[in-house]
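**Student:** for reference, the sequence and a predicted model appear below.
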Amino acid sequence: MDIPYTVAVRRDTGLTNGKIGIWLFLASEVMLFGALFASYILMRVGATSWPRGDMFLDVPLATLNTIVLIASSVTMVMAWASLMRRRFGTFRIYMGATILFGLVFLVVKYFEYSHHIHLGELPSTNNFLAIYFTLTGLHGLHVIGGMVVNAYFWGPGAKLWKTNPTWFTNRVEHSGLFWHFVDLVWIFLFPTLYLL
Amino acid sequence: MTDKVVVAPKPHAEHAIHHEELGFWRKYVFSTDHKVIGIQYAVTGLLFLLFGFCLMMLMRWQLAYPGAPLPLIGSLFGEARMPGGTMLPEFYNELGAMHGTIMVFLGVVPLAVGGFGNFVLPLQIGAPDMAFPKINMVSYWCLFLGGITMLGSFFVPGGAAQSGWTSYTPLAVIAGTGQTWWLIGMIFLITSSLLGAVNFITTTIQLRAKGLTFMRFPFFCWAQFVTAFLLLLAFPPLEAAGVMQLMDRIAGTSFFLPSGLVVSGQALTNAGGGNPLLWQHLFWFLAHPEVYVLILPGMGIVAEIIANNTRKPLWGYRSMVYSLVFLGFMSFIVWAHHMFMTGMGTAMAAFFQTTTMIISIPSVVILTALIISLWGGSIRYNTPMLFAVAFLPMFGIGGLTGLPLGLNISDIPLHDTYYVIAHFHYVVAPGTIFALMAGIYYWYPKATGRKMNETLGKIHFVGSFICMNVIFMPMFIIGMAGVSRRLFDAGTAYAFAQPTMHWNAVSSWGAWTLAVFQIPFIFNFFWSLWKGETVGENPWQATTIEWSAPSPPPHGNFVGAPEAYRGPYEYSVPGAARDFVPQYEA
Amino acid sequence: MSDHAADMTSDHEVDIDKHVRIYITVFVALMVLTIITVAIARFHLPVPIAVTVALLVATVKGSLVACYFMHLISEKKLIYAVLAVTGAFFIALIALPLFTHSDGFWIH
């Protein structure tokens, strides 16, 4: 039994099931991170005092991380574009770069976290650190999740390219949408936590 | 039962190759077929409804006879919970918190959305399955894991969650281990609902049959569609809040803990600076749309059954659809009517009471349209119809009694009293659960190929209807007398509660009698699997697409792709050969 | 950007070339905006102004990612509808509790 519109679009919506599915999922993620941002705002507005980001956080390191994540977004969309151009080898390179950039991001975050812990700056220390760890922690989990999916498409999942290249291209596109969303969240997270 | 070998020839050549026989585990346990998953959800939901009911029946002993030892089974609960068979307050709170949690998240939603939605929706839109069958399977197993976690929490030191189903902070933060398990369980359940919502929305939009435009959808499909959006967008903030409460409990953060808290004479050592109101905002942001998640599928079911058993189209279909969508949208901006007593200023109180009053309008439109639909109908009083018609006044009472709660001033004496309990139970118990019972009697033949016994059904109905009212009507009286909810001693300590205390025993006996009247239903459910009257595709002479599939439908549902040629409720069409013209007949 | 089955003609390749040029342009813009937002932060502007500027820059950056990397600028109406509804509730989630705070009690 075949489910229609997995690869071909449905005429009246112009969309595949997967495209709708991933956007719906991203909508729910907007609400998830939105709740945390709302909490940040309420906590800050209600607080008697609130530290500026650079009091606790390493701005240059995070700027580097921002550049790394944005670069990974470019390589991600280039990976998809390579598949659209039917250049599988180039896809592999760009996807690999995306995963690598993700890894760099996580390594930098690891150094940031361990530095805080070393200094006794824990989530329990104050509410700024609490929301910082929670927001960046949840974001980090999403980075890991995205990397796992990307690694699947770089590795074992890539055999779908041989049997159904259009479907494979679409799935990479959907994975890319998730990855771009993770980048988007960071684009807001970075100034909110580090610069304000 | 659903994966019988497909006998009829399929139009496409590719299907001929597809049919490998799946093993037992892939066919019945880890199935990706929406019908199997729907039944898994439904059975799980029914079992948890029964369990939640049992928790409440225990509570009702304490409420009827506060401090009295429970005869016969009292000793089963151990010295930590019922020393000498007498209920401890902690146990009462455990029962209360878990009764609410289980009924809402493990009972009603899995049955109404996971069960009915999964089983009926693809059939009703003429689809071979859901858009994402594997994700569908994963969503069920997330629910299962959440259920196991919630059940397991009863066995941890200190017992299960005891801070209300609402888990208000700071109490929930300082509570025992069971609360952590509650939070983890909720994360599984929320994930299950989110995955399900993505599936339902995509399926409804993309996999509907040719000719099935949105305004030709059965109302049930619209109801599930809007419900899915509520789940998709309202649940994530609670997931975030749950993570934050976990952080407060495990990592020592103070998201929800204000400064200066003193517990049992000892000051807490946390950093403070947090706000319990933040938890309330995030919780109710979900929990208000959640109550519409609880009612909308029921309204959908009732609409189908009323149209079918009046042999008339639904009155005001368009208004009902617009109301449904408007209601879904409004449900996101009324939540703080649960928080009128938290010290918000008059401007915000005015805002929320205004939106709350506005949201009552679409509810009334839908209810009125359903009532008017009965007018002039050739009414058939079978068991589904009895439950569906009873839903109407019961939901009416529940809805109307919500109005004084939704107005800031009248909420002051009623907030957190038994009045609230009566209000929401009227909507969910003789409201939604009656609709779900109606749905079970109605779609059982489609799922099993057999009808349930009518006599047993009618006994089930009459007994349940009377008992539901016996249980909940007195609670309005108790509540208006000022008796608070969640009181372990039912108000014994308060002088103003004494005149209405006797009603507690009335409610309790109503509850225990209600249990007895479920026995014919449970017996009927299983007996009919073997001995029920066998039926063909369309035992109710209905018009919607699911009734064109075999009973039960095979894997893939239909022989050839169905097409919709007209609206969903073409009953008693002048000049037609029969009193109904199915949507799927050319 | 369409997902049509087996639609990999040379026209599509030209299409992709144009998109690749856009991706590079957007990347450069994002880099510049990142440097700008970090540079402005060093001025330690008063909080309300700092917040406004930072959020403005972030919104521009985010819009570039959404419109061009996520192809939102040429997406279908259905997706726009879903995102519009989501956006409305996102705003409600932030704004309404915030108004509740400024209009009454708050617990510290």
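**Tutor:** Received, thanks.

**Student:** so where do the helices sit in the chain?
**Tutor:** No chain in the question, so chain A it is. The residue ranges that make up the helices of chain A, judged by DSSP state H, are A:17-46, A:53-56, A:59-84, A:88-118, A:127-154, A:160-163, A:165-190.

**Student:** hm, I was asking about chain C
**Tutor:** The residue ranges that make up the helices of chain C, judged by DSSP H, are C:10-41, C:47-64, C:77-102.

**Student:** what is the burial count for residue 45?
**Tutor:** In the absence of a named chain, this looks at chain A. 13 (other C-beta atoms under 10 Å in any protein chain shown). For glycine as for every other residue, the C-beta is placed from the backbone atoms N, C-alpha and C.

**Student:** not quite, I wanted chain C
**Tutor:** The tally of other residues near C:Leu45 (other C-beta under 10 Å) stands at 15.

**Student:** also C:Ala41?
**Tutor:** Applying other C-beta under 10 Å, we find 22 other residues in the vicinity of C:Ala41.

**Student:** do the same with the one 5 residues further on
**Tutor:** Taking other C-beta under 10 Å as the neighbour definition, C:Pro46 ends up with a count of 7.

**Student:** need phi/psi at it.
**Tutor:** phi -60, psi 140 (degrees, to the nearest 10).

**Student:** picking up where we left off before, how about the helices of chain A in CSV, adding mean pLDDT and distance to B:Leu436?
**Tutor:** Compiled in CSV, the helices of chain A are given as follows (pLDDT from 0 to 100; distance: least, C-beta to C-beta, whole Å):
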stretch, mean pLDDT, distance to B:Leu436
helix A:17-46, 96, 26
helix A:53-56, 94, 51
helix A:59-84, 97, 45
helix A:88-118, 97, 45
helix A:127-154, 98, 35
helix A:160-163, 95, 41
helix A:165-190, 97, 35
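
**Student:** for B:Glu570, find the nearest of these.
**Tutor:** Distances from B:Glu570 to each of the helices of chain A were compared by C-beta to C-beta, and the smallest falls on helix A:17-46, at 30.1 Å.

**Student:** buried sites along the closest one?
**Tutor:** By neighbour count with 16 or more other C-beta atoms under 10 Å in any protein chain shown, helix A:17-46 contains the buried residues A:17-44, A:46.

**Student:** which strands and helices sit next to that helix?
**Tutor:** Using 3 or more C-beta pairs under 8 Å, 6 or more residues apart in numbering or on different chains; DSSP states H and E as the contact criterion, the neighbours of helix A:17-46 among helices and strands are helix A:127-154, helix A:165-190, helix B:177-206, helix B:219-246, helix B:276-310, helix C:77-102.

**Student:** and it with helix A:165-190, angle?
**Tutor:** Orientation check (axes from the mean of the first three to the mean of the last three C-alpha atoms, to 10 degrees): helix A:17-46 against helix A:165-190 gives 0 degrees.

**Student:** now for the closest residue in space to A:Leu57 that isn't next to it in sequence: which residues touch it?
**Tutor:** With C-beta to C-beta, 6 or more residues apart in numbering or on different chains as the measure, A:Tyr194 is the residue that lies nearest to A:Leu57, at 5.1 Å, once sequence neighbours are left out. With contacts defined as C-beta atoms under 8 Å, 6 or more residues apart in numbering or on different chains, the neighbours of A:Tyr194 are A:Gly53, A:Asp54, A:Leu57, A:Val59, A:Ala62, C:Ala41.

**Student:** neighbour-wise, give me the winner out of those residues.
**Tutor:** Counting neighbours by other C-beta under 10 Å, A:Ala62 leads these with 24 neighbours.

**Student:** that older thread, state the distance from the residue nearest to A:Leu57 to C:Ala95.
**Tutor:** Taking C-beta to C-beta, to the nearest Å as the measure, A:Tyr194 falls 24 Å from C:Ala95.

**Student:** check the residue nearest the centre of chain B and give its pLDDT.
**Tutor:** When chain B is reduced to its mean C-alpha position, the closest residue under C-alpha atoms, centre = their mean turns out to be B:Val108, at 2.7 Å. Predicted confidence (pLDDT) at B:Val108: the value is 98.

**Student:** wait, it touches B:Leu436, no?
**Tutor:** Yes: with contact defined as C-beta atoms under 8 Å, B:Val108 and B:Leu436 form a contacting pair (7.4 Å).

**Student:** anything in contact with each of these two?
**Tutor:** Shared contacts of B:Val108 and B:Leu436, counting by C-beta under 8 Å, 6+ apart, come down to nothing at all.

**Student:** what's near enough to touch B:Phe119?
**Tutor:** With contacts defined as C-beta under 8 Å, 6+ apart, the neighbours of B:Phe119 are B:His34, B:Lys35, B:Gly38, B:Ile39, B:Ala42, B:Trp443, B:Ala447.

**Student:** now distance to B:Gly560 too, for the helices of chain A, in JSON lines please.
**Tutor:** Output for the helices of chain A, formatted as JSON lines (distance: least, C-beta to C-beta, whole Å):
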{"stretch": "helix A:17-46", "distance to B:Gly560": "21"}
{"stretch": "helix A:53-56", "distance to B:Gly560": "62"}
{"stretch": "helix A:59-84", "distance to B:Gly560": "35"}
{"stretch": "helix A:88-118", "distance to B:Gly560": "39"}
{"stretch": "helix A:127-154", "distance to B:Gly560": "36"}
{"stretch": "helix A:160-163", "distance to B:Gly560": "27"}
{"stretch": "helix A:165-190", "distance to B:Gly560": "25"}
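
**Student:** among the contacts of A:Tyr194, find me the one that's closest to B:Ser75.
**Tutor:** Out of the contacts of A:Tyr194, the one with the shortest distance to B:Ser75 is A:Leu57. That distance is 58.1 Å, counting by C-beta to C-beta.

**Student:** next one: A:Trp184 from C:Ile73, what distance?
**Tutor:** Not Trp; residue A:184 is Leu. Separation of A:Leu184 from C:Ile73 (C-beta to C-beta): 15 Å.

**Student:** between those two, which has more neighbouring residues?
**Tutor:** More neighbours surround A:Leu184 than the other of A:Leu184 and C:Ile73, with 25 against 12 (other C-beta under 10 Å).

**Student:** next one: the more buried one from A:Glu29, what distance?
**Tutor:** Counting by C-beta to C-beta, the gap from A:Leu184 to A:Glu29 is 10 Å.

**Student:** can you check A:His118 too?
**Tutor:** Going from A:His118 to A:Glu29 by C-beta to C-beta gives 32 Å.

**Student:** ditto for C:Ala81
**Tutor:** As judged by C-beta to C-beta, C:Ala81 and A:Glu29 stand 18 Å apart.

**Student:** now swap in A:Arg85 and tell me
**Tutor:** Counting by C-beta to C-beta - A:Arg85 and A:Glu29 are separated by 30 Å.

**Student:** ditto for B:His415
**Tutor:** Between B:His415 and A:Glu29 the distance, using C-beta to C-beta, works out to 34 Å.

**Student:** how about B:Val506?
**Tutor:** With the distance defined as C-beta to C-beta, B:Val506 ends up 49 Å from A:Glu29.
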